[in-house]
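>>> The sequence and its predicted three-dimensional model are supplied below.
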Amino acid sequence: MDYEIVIGLEIHTELKTNSKIFCGCSTKFGSEQNTNVCPVCLGLPGVLPVINEKVVEFAIKAGVALNCEILPFSKFDRKNYYYPDLPKNFQTSQYDLPIAVNGHLDIEVNGETKRINITRIHMEEDAGKLVHSGATISSSDSALVDYNRTGVPLLEIVSEPDIRSAEEARAYLEKVKAILEYLDVSDCKMEEGSLRCDANISLRPHGQAALGTKAEIKNLNSFRSVQRGIEYEVIRQEEILDDGGRVIQETRTWDENKGITASMRSKEQAHDYRYLPEPDLVPIVVDPARVAEIRANLPELPDARRQRLMNNYGLSEYDAGIITSSKAVADYFDQSVQNNGDAKVVANWLMGEVSKHLNSEGITILDCPVSPKQLTELLTLIEKGTISNKIAKTVFEEMWTSRKDAEVIVKEKGLVQISDSSEIVAIVESVIAANPRSVADFKAGKDKAIGFLVGQIMKQTKGRANPDMVNTLLRERL
Amino acid sequence: MKITCKDVANVALLSRLEFSESELETFTGQMDAILEYADVLNKLNVDNVQPTAHVLPLRNVMRADEAKPSLSRELALSNAPEQEDGYFKVPKIMEG
């Protein structure tokens, strides 16, 4: 049977603050275990948490950027559950009065625009990290806990079940990530866990209004696993339903290595969070003037930036979309263009050589060894005819490893393009003389034979001969 | 509202408490009496009353985003029943 896929995403993002949400401990990632902890985040008796004003500001920013309504009165609540990643046995979160509600985000999938509604955004504290001492969770008889991450500020962004495919889920997540990066409220490093995603997935026969039973998939730690995890879960539920079975409402974890989702059975059977208003924190009242001020000062967001790249530089929607999907890449582009780079050439290099090198080393553009200024200098050498496009790729390679400027490399390696026609003519003639057979083939109508002759000329000049001139001069002489 | 032994057993489980059969019965009766007493509140008309979010008339108590020194790890772990390599050590969590 053909089912409709219904997906809602819960995105957790760690905010880029100096200190934790309710105490002054550092939020630094990668510190030694249990060194960024204090009585407040360890949940010792008698302590008083106080909200970090930056968290509220970032939450409002994210809310406004995601087209939400900012509630004028918001409060914190205790979400009770027993799991040792929380030393207090409850997570301080927001229940019925979150900071932002009723937002939406438009995404593009396969050339079509689709609106995904956002139910709510709330502020909460992150939990600690468990390190299992055995080979797997189930074979361990104990666990080790690091509470450094406990109390790191989080925003949870909850979508409506408006997503209909794994591609849409991925596009939505990518766009939320881009917006959070543009707002500069989160690092959004999925590999470090500062952006995480859970997916609620259910199936229903086409045309049925009621939702099917959902499973919640956790541990989707990369864009790839979001897509793969959802695809797997959809097939799993399809098979159950096709066999006349019933999907069990449960939490499942995505296993990236095995490529499957597996049920997470917890000793805690009764999931009853018993939310109650947090008595240690007083409510937050947001003045509409404050919201208006934040709205007025929002930075340029991905959609606006994409439009600007299309309008100002004539980039295609596709190219502009790729460049602006990451703020760092878009910044690199803008800096290159400001250094007098031709926008379209810069775009081609960014999506070509630069991204190829970044991908093969698994780094982001923030760690790119070639600066925007260096890239534009290289492009200027091509424009002036000093080097050919092909040689430029060799120079770029060298710039990547040696970090030297293009001009220095071109001089050191003698890569200046030969555009002196008498010099090229001499080489053309010597190659014609040395390869009578190819010449004859070409004259007999085998057009391909000219490629061999061009190759020989390029070989003799180590690729430095101006390719257009070689072609013209060679054809003239044949 | 009538409280049953099952309700009390559930609350006990959530609170990590273990009761004997007779305790369960005693507490069920006591809790029922308490709730019945508090039930008088249900007779009030609260249609135009906002739920209380906090008992103090305070709003927007916030702190600046400044990192302060944390506890030393030794001190942080000093009350832990068990510890290992600078971590808090806890019993097994997931069922196999």
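Yep, that arrived.

>>> Can you tell me the SS state at whatever residue of chain A ends up closest to chain B?
Residue nearest to chain B within chain A (CB to the nearest CB): residue A:24, separated by 3.1 Å. Placement of C-beta: from N, CA and C, glycine included. Look at residue A:24: counting by DSSP: H, G, I helix; E, B strand; the rest coil, its state is coil.

>>> pLDDT score assigned to it?
Note for residue A:24: predicted pLDDT of 97.

>>> Number of residues surrounding it?
Counted with other CB atoms under 10 Å in any protein chain shown, residues neighbouring residue A:24 total 20.

>>> For burial, what's the neighbour tally of the nearest residue to it once chain neighbours are set aside?
Nearest residue to residue A:24, sequence neighbours excluded (CB to CB, 6 or more residues apart in numbering or on different chains): residue B:68, at 3.1 Å. If you count neighbours by other CB under 10 Å, residue B:68 ends up with 13.

>>> On the three-state scheme, residue B:68 is what?
Under three-state DSSP, residue B:68 comes out as coil.

>>> hey, C-alpha coordinates of the longest helix that chain B contains in CSV?
The residue-count maximum for a helix in chain B (DSSP state H) belongs to helix B:21-38. This file holds the C-alpha atoms of helix B:21-38, laid out as CSV (Å, rounded to 0.1, in the frame of the first residue of the first chain):
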residue,chain,number,x,y,z
GLU,B,21,1.0,-3.5,51.0
SER,B,22,-0.2,-2.1,54.4
GLU,B,23,1.7,1.2,53.9
LEU,B,24,0.1,1.5,50.5
GLU,B,25,-3.3,1.2,52.0
THR,B,26,-2.6,3.7,54.8
PHE,B,27,-1.2,6.2,52.4
THR,B,28,-4.0,5.8,50.0
GLY,B,29,-6.5,6.7,52.7
GLN,B,30,-4.4,9.6,53.9
MET,B,31,-3.8,11.0,50.4
ASP,B,32,-7.5,10.7,49.6
ALA,B,33,-8.4,12.7,52.8
ILE,B,34,-5.8,15.4,51.9
LEU,B,35,-7.1,15.7,48.3
GLU,B,36,-10.7,15.7,49.5
TYR,B,37,-9.8,18.6,51.8
ALA,B,38,-8.2,20.5,49.0
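
>>> by contact count, what packs against it?
Packing partners of helix B:21-38 (3 or more CB pairs under 8 Å, 6 or more residues apart in numbering or on different chains; DSSP states H and E): helix B:5-14.

>>> if we can go back for a sec, and the residue of chain A closest to chain B, what is it in contact with?
A:38, B:63, B:66, B:67, B:68, B:69 (CB atoms under 8 Å, 6 or more residues apart in numbering or on different chains).

>>> Over to residue A:421?
Residues near residue A:421 by CB under 8 Å, 6+ apart: A:469, A:473.

>>> which residues sit against the helix or strand bottoming out on mean pLDDT in chain B?
Taking mean pLDDT, DSSP states H and E as the measure, the helix or strand of chain B with the lowest value is helix B:5-14, at a mean of 88. The contact list for helix B:5-14, computed with CB under 8 Å, 6+ apart, reads A:80, A:270, A:272, A:274, B:18, B:19, B:24, B:25, B:27, B:28, B:31.

>>> Run the chain-centre distance for it.
Here helix B:5-14 shows a centroid-to-chain-centroid distance of 14 Å under the convention CA atoms, centre = their mean, to the nearest Å.

>>> Could you tell me the angle between that helix and helix B:21-38?
Interaxial angle of helix B:5-14 relative to helix B:21-38 (axes from the mean of the first three to the mean of the last three CA atoms, to 10 degrees): 100 degrees.

>>> so how far is the longest helix of chain B off the chain centroid?
19 Å.

>>> Buried residues in that helix, which are they?
Going by neighbour count (16 or more other CB atoms under 10 Å in any protein chain shown), the buried part of helix B:21-38 is B:27, B:28, B:32.

>>> for stretch A:89-96, same thing?
Residues of stretch A:89-96 classed as buried by neighbour count (16+ other CB under 10 Å): A:90, A:91, A:92, A:93, A:94, A:95.

>>> okay if I get those as CSV plus distance to chain B, pLDDT and secondary structure?
Formatted as CSV, these follow (distance: CB to the nearest CB, whole Å; pLDDT from 0 to 100; DSSP: H, G, I helix; E, B strand; the rest coil):
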residue, distance to chain B, pLDDT, secondary structure
A:90, 12, 94, strand
A:91, 15, 96, strand
A:92, 14, 97, strand
A:93, 14, 97, strand
A:94, 11, 97, coil
A:95, 11, 95, coil
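
>>> how many neighbours does residue 50 have?
Answering for chain A, as no chain was given. Residue A:50 has 16 nearby residues by other CB under 10 Å.

>>> ah, I was thinking of chain B
Neighbours of residue B:50 under the rule other CB under 10 Å: 7.

>>> quick one: it from chain A, how far?
Distance, residue B:50 to chain A, by CB to the nearest CB, to the nearest Å: 9 Å.

>>> quick one, what contacts the closest residue to chain A within chain B?
With CB to the nearest CB as the measure, residue B:68 is the residue of chain B nearest to chain A, at 3.1 Å. Residue B:68 makes contact with A:19, A:23, A:24, A:25, A:38, according to CB under 8 Å, 6+ apart.

>>> And the pLDDT for the residue most central in space within chain B?
When CA atoms, centre = their mean is applied to chain B, the residue found nearest the centroid is residue B:15 (7.3 Å). pLDDT, residue B:15: 83.

>>> Remind me which helix or strand the nearest residue to residue A:114 once chain neighbours are set aside belongs to.
Closest residue to residue A:114 apart from its sequence neighbours, by CB to CB, 6+ apart: residue A:107 at 5.6 Å. Assigned by DSSP states H and E, residue A:107 falls within strand A:100-109.

>>> quick one on the thing from earlier: most neighbours among the contacts of residue B:68, please name it.
If you count neighbours using other CB under 10 Å, the busiest of the contacts of residue B:68 is residue A:25, which has 27 neighbours.

>>> strand partners of the lengthiest strand in chain B, parallel vs antiparallel please.
Counting residues, the longest strand found in chain B (DSSP state E) is strand B:87-91. Sheet pairing for strand B:87-91, assigned by DSSP bridges, gives strand A:142-146 (antiparallel), strand B:83-84 (antiparallel).

>>> Convert the first one to CSV, retaining C-alpha atoms only.
Going back to what we said before, that points to strand A:142-146. Presented in CSV, the C-alpha positions along strand A:142-146 are these (Å, rounded to 0.1, in the frame of the first residue of the first chain):
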residue,chain,number,x,y,z
SER,A,142,27.5,1.1,35.0
ALA,A,143,27.9,4.4,33.3
LEU,A,144,30.2,7.4,33.8
VAL,A,145,28.8,10.9,33.8
ASP,A,146,30.3,14.2,32.7
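
>>> need the next SSE after it, C-terminal direction.
Beyond strand A:142-146 toward the C-terminal end (DSSP H and E), the next one is strand A:153-159.

>>> one step back: if I pick the residue nearest to residue A:114, what's in contact with it?
With contacts defined as CB under 8 Å, 6+ apart, residue A:107 is in contact with A:113, A:114, A:115, A:116, A:168, A:171, A:172, A:175.

>>> which of those are buried?
Those of the contacts of residue A:107 that meet the buried threshold are A:114, A:116, A:168, A:171, A:172, A:175, by 16+ other CB under 10 Å.

>>> What is the nearest of these to residue A:412?
Distance to residue A:412, by CB to CB, is smallest for residue A:175 among these, at 44.5 Å.

>>> Help me confirm that that closest one comes into contact with residue A:321.
No - taking contacts as CB atoms under 8 Å, residue A:175 lies outside contact range of residue A:321: 10.3 Å.

>>> tell me the secondary structure for the closest residue to residue A:402 other than its chain neighbours?
Closest residue to residue A:402 apart from its sequence neighbours, by CB to CB, 6+ apart: residue A:409 at 7.1 Å. Of the three states, residue A:409 takes helix according to three-state DSSP.

>>> so residue A:409 makes contact with residue A:396?
No - look at residue A:409 against residue A:396 with CB under 8 Å: they stay out of range, at 9.2 Å.
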